[in-house]
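1. based on what follows, work out the 3D shape:
(2 chains)
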Number of protein chains: 2
Amino acid sequence: MIGVFDSGYGGLTILKDFLKELPEYDYMYLGDNARAPYGNRSMETLIGFGEQAVEYLFDQGCTLIIVACNTASSTVLRHLQEKYLRSQKVTDRKILGVIKPLAEAAAKQTKNLNIGVVGTNSTINSKAYEIELNHLNPKIKVFSQACPLLVPLIEEHWHKKPETRMILKKYLRNLKGSNLDTLILGCTHYPFLYKEFTKIMGKKVQVLKPGEIVAKSLKDYLQRHPEIETRLTRTGKHIFLTTDNPEKFKKLGSEFLEQPIKNIQKCNLA
Amino acid sequence: MIGVFDSGYGGLTILKDFLKELPEYDYMYLGDNARAPYGNRSMETLIGFGEQAVEYLFDQGCTLIIVACNTASSTVLRHLQEKYLRSQKVTDRKILGVIKPLAEAAAKQTKNLNIGVVGTNSTINSKAYEIELNHLNPKIKVFSQACPLLVPLIEEHWHKKPETRMILKKYLRNLKGSNLDTLILGCTHYPFLYKEFTKIMGKKVQVLKPGEIVAKSLKDYLQRHPEIETRLTRTGKHIFLTTDNPEKFKKLGSEFLEQPIKNIQKCNLA
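-> Predicted coordinates for the structure are as follows:
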């Protein structure tokens, strides 16, 4: 079973593309809605939350975990990989994030080597994308912008309203003047504003689609790693877990997944 | 010691007035920043968080706890009072909230019996103010409006920007047409927008100041309850606890308290 972990609903925009690209596998989605959003939490707090989630998903039988949340991927992924895999020399389980595939796609895409990144405060402050992009190509210049209000605006269904467009324009003002040709949406909520991002950034900037990229990258990974792939179950199971109210998750979650969520249960991480 | 519990920073706007009105007592402030904001959480989740906070503050030696958070006051206060006091016949400790004093002040203030309430989704959905106001006077008409974006806008320092004023205007559109003469700010963050609320609502509407009202009500309460008052310590202690990063709390918290926060420690509730 593939575990997909997110602070809340955002990771469903990634799972949506997994279901399209890799429909044969079983999935368990875990949204830590009782403690979302993660975007402004400290490192120490995020480590605690991440450990609880990963332990829970391994206990439930997941052999591969995707940390779909950019905030968690950019802050605690390495710690989780170290603690649960490397230090114990575990080779038949994996924990993957979303930063690396998105950075790789951006590095491949850019021609002028100017790449923009937008995300939560924690993601931007972590410099995770910057580090990953410069690891791929030290000549790449990275221009980052935290957009902390976008998650609440999207979750409150304000993303089609003019106030959101005005706030987004202000957030993107510096990036617009940076001669970018590629923009990474470093938060799983932001694809809801995909059109607005492309309009504001203009035709010269390619805005990457996170779900498609991460799904294709996972497909590649599984082809290259039969030792992981052959351990994944394929019985058509899609299990959804939330740490807050399941009925609420069903409603808003179905919008993020773009299909009705049925099998939803409450789980307790703390 | 008086314990003041809030989901995050908001309760500091209440504590600020406690320190003015009742400076002689010791205070312990607990902000559950690692799991804030509470405004959209389910009842079950809020009960768990509230129990952990109250147990912690009692353990630390608080004999009186003020649940300064409107969301927690309006959803789980009764449960906490029942579980930790009434069911155990405890009479020398107390847990008080902010709904009752604010409702009493509004009921005293109103002439035309039309009262407005603004707050988080959870506070408004709980109908706590409506119930309290109608308990005081069944003829009072209550007009409620959830304003869930105001907390993130204030915490991101956008409260002086035109986008926030536009969003607030949209939120208040229905209330403006309801012939109110009194408005309750049912969220401890909203006093940051006090001027904007008064401007938009117009001269006929009295916007109540939550901190002042809750502090005066606590002063009255202590005068009427010497069995609680005499147990409160008076050594000048002001202790601040947060479940997330203390350095971050110090910075933003000092703005909410309008004075520098010094004695700040991390605590673990979960």
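2. let me know the pLDDT of whatever residue of the stretch 101-250 of chain A ends up closest to chain B.
-> Residue nearest to chain B within the stretch 101-250 of chain A (CB to the nearest CB): A:Asn245, separated by 3.4 Å. (Each C-beta comes from the backbone N, C-alpha and C, glycine too.) A:Asn245 is assigned 92 on the pLDDT scale.
3. where's A:Asp244 relative to B:Leu46, distance?
-> Distance, A:Asp244 to B:Leu46, by CB to CB, to the nearest Å: 10 Å.
4. so which of those two has more stuff around it?
-> Neighbour tally, A:Asp244 and B:Leu46, criterion other CB atoms under 10 Å in any protein chain shown: the higher count belongs to B:Leu46, 24 against 21.
5. buried set for the helix or strand harbouring A:Thr71?
-> Using DSSP states H and E, A:Thr71 sits within helix A:70-84. Across helix A:70-84, burial judged by 16 or more other CB atoms under 10 Å in any protein chain shown covers A:Asn70, A:Thr71, A:Ala72, A:Ser73, A:Ser74, A:Thr75, A:Val76, A:Leu77, A:Leu80, A:Gln81, A:Lys83, A:Tyr84.
6. all strands for chain A, in order.
-> For chain A, the strands defined by DSSP state E occupy A:2-6, A:27-31, A:64-67, A:94-96, A:114-119, A:141-146, A:182-186, A:206-207, A:238-242, A:264-266.
7. so how far is the biggest helix by length in chain A off the chain centroid?
-> Using DSSP state H, we find that the single longest helix of chain A is helix A:43-59. Distance of helix A:43-59 from its chain centroid, counting by CA atoms, centre = their mean, to the nearest Å, is 16 Å.
8. and what of stretch A:38-54?
-> Chain-centre distance of stretch A:38-54: 14 Å, with CA atoms, centre = their mean.
9. residues of the stretch 101-250 of chain A that sit close to chain B?
-> In this structure, the stretch 101-250 of chain A approaches chain B at residues A:148-149, A:152-153, A:155-156, A:158, A:162-163, A:166-167, A:170, A:243-245, A:248, judged by CB under 8 Å from any CB of the partner chain.
10. go again using 6 Å as the cut-off
-> A:Pro148, A:Leu149, A:Pro152, A:Glu156, A:Glu163, A:Met166, A:Ile167, A:Asp244, A:Asn245 (CB under 6 Å from any CB of the partner chain).
11. hmm, the fifth one is touching B:Arg165, no?
-> It refers to A:Glu163. No. Applying CB atoms under 6 Å, one finds A:Glu163 not in contact with B:Arg165, separated by 9.7 Å.
12. the more surrounded of these two?
-> A:Glu163 (20 against 16).
13. distance of the more buried one relative to B:Ile167?
-> For A:Glu163, the distance to B:Ile167 - CB to CB - is 5 Å.
14. kindly report the same for A:Lys16.
-> 29 Å.
15. who's in contact with the nearest residue to A:Glu130 once chain neighbours are set aside?
-> Using CB to CB, 6 or more residues apart in numbering or on different chains and skipping the chain neighbours, the partner closest in space to A:Glu130 is A:Val142 (4.4 Å). With contacts defined as CB atoms under 6 Å, 6 or more residues apart in numbering or on different chains, the neighbours of A:Val142 are A:Ile115, A:Glu130, A:Leu133.
16. which of those residues has the most neighbours?
-> A:Ile115 (28 neighbours).
17. from A:Thr188, how far out is that one?
-> Separation of A:Ile115 from A:Thr188 (CB to CB) stands at 19 Å.
18. A:Lys250 and A:Asn263 touch, don't they?
-> No. Judged on CB under 6 Å, A:Lys250 makes no contact with A:Asn263 at a distance of 10.0 Å.
19. have a look at the two and say which one is more surrounded.
-> Neighbours per residue (other CB under 10 Å) separate A:Lys250 from A:Asn263, with A:Lys250 holding more: 15 against 11.
20. who's in contact with that one?
-> By CB under 6 Å, 6+ apart, A:Lys250 lies in contact with A:Ile261, A:Ile264.
21. try 10 Å this time
-> A:Phe240, A:Thr242, A:Pro260, A:Ile261, A:Lys262, A:Ile264 (CB atoms under 10 Å, 6 or more residues apart in numbering or on different chains).
22. not counting sequence-adjacent ones, nearest residue to A:Trp158?
-> Nearest non-adjacent residue to A:Trp158, counting by CB to CB, 6+ apart: A:Thr164, 5.2 Å away.
23. what's the neighbour count on that neighbour?
-> When neighbours are defined as other CB under 10 Å, A:Thr164 has 23 of them.
24. isn't it up against A:Ile154?
-> Yes. With contact defined as CB atoms under 10 Å, A:Thr164 reaches A:Ile154; the gap is 8.2 Å.
25. hey, what's in contact with both of the two?
-> Common neighbours of A:Thr164 and A:Ile154 (CB under 10 Å, 6+ apart) are A:Phe192, A:Leu193.
26. leaving out sequence neighbours, find the closest residue to A:Trp152.
-> One correction, residue A:152 is Pro, not Trp. Distance criterion CB to CB, 6+ apart; nearest residue to A:Pro152, sequence neighbours excluded, is B:Pro152 at 4.3 Å.
27. re the thing from before, report the two of the contacts of A:Lys250 separated the most.
-> In the contacts of A:Lys250, the most distant members under the criterion CB to CB are A:Thr242 and A:Pro260, with 15.3 Å between them.
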